[in-house]
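Chemist: Below are the sequence and a predicted model for it; my questions follow.
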Amino acid sequence: MRCIGVDYGERRVGVAYGDEIGVATPLPAIVKATEAERIDALAELARQRRATAFVFGYPYNMDGSVGFKAKEVDAFIEKLLLKIQLPVHRLDERLTSVEASKSFPKGRNDELRRSGKIDSVAASLILQDYLNQNIALPEYDPYAEVDEENGY
């Protein structure tokens, strides 16, 4: 499992990478002038990382309904899939950008938003949530016998 997490935006696309290790890592945001350029860059990133799936943040309304922004994401996904056909998972992204901005010093949010850093951290939060739900951790038994000879 090699996933590209995506926080879609009209100007910037935040991206992150994660695999079966289970850790999502923010990558530099895709900041391109046109939607076609953003789609091409995202498809190329997926090829370079040999991704097996996309995990898109899906902007449900606060009441859980699908609104205008979610339909924008759906249209973007549809165009992306014409370039590279990978499974797409949609994950509720409500408030991830707010949470992402909390990880940076106050007073720099405008600069950080323009650079796409907040968007990529939001993408990593979305992807981390997906990985947490879909990677089975090994069972831990605190009462298992200890191998005294090997120290574990």
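Modeler: Perfect, thanks for sending it.

Chemist: Phe76 against Leu42, yeah?
Modeler: No: Phe76 is not in contact with Leu42 according to CB atoms under 8 Å; the separation is 9.1 Å. The C-beta positions use only the backbone N, C-alpha and C, and glycine is treated the same way.

Chemist: Enumerate every residue touching Asn132.
Modeler: Gly22 (CB atoms under 8 Å, 6 or more residues apart in numbering).

Chemist: check which helix or strand covers it.
Modeler: Asn132 belongs to helix 117-134 when assigned by DSSP states H and E.

Chemist: Could you export that helix as CSV, CA atoms only?
Modeler: The C-alpha trace of helix 117-134 is given here as CSV (Å, rounded to 0.1, in the frame of the first residue of the first chain):
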residue,chain,number,x,y,z
LYS,A,117,2.6,24.1,3.7
ILE,A,118,-0.6,24.2,5.6
ASP,A,119,-2.4,22.3,2.8
SER,A,120,0.2,19.5,2.8
VAL,A,121,0.0,19.2,6.5
ALA,A,122,-3.8,18.9,6.2
ALA,A,123,-3.2,16.2,3.5
SER,A,124,-1.0,14.3,5.9
LEU,A,125,-3.6,14.5,8.6
ILE,A,126,-6.2,13.1,6.2
LEU,A,127,-3.9,10.4,5.0
GLN,A,128,-2.8,9.5,8.6
ASP,A,129,-6.5,9.0,9.5
TYR,A,130,-6.9,6.7,6.5
LEU,A,131,-3.7,4.7,7.4
ASN,A,132,-4.8,4.4,11.0
GLN,A,133,-8.1,2.9,9.9
ASN,A,134,-6.7,0.5,7.3
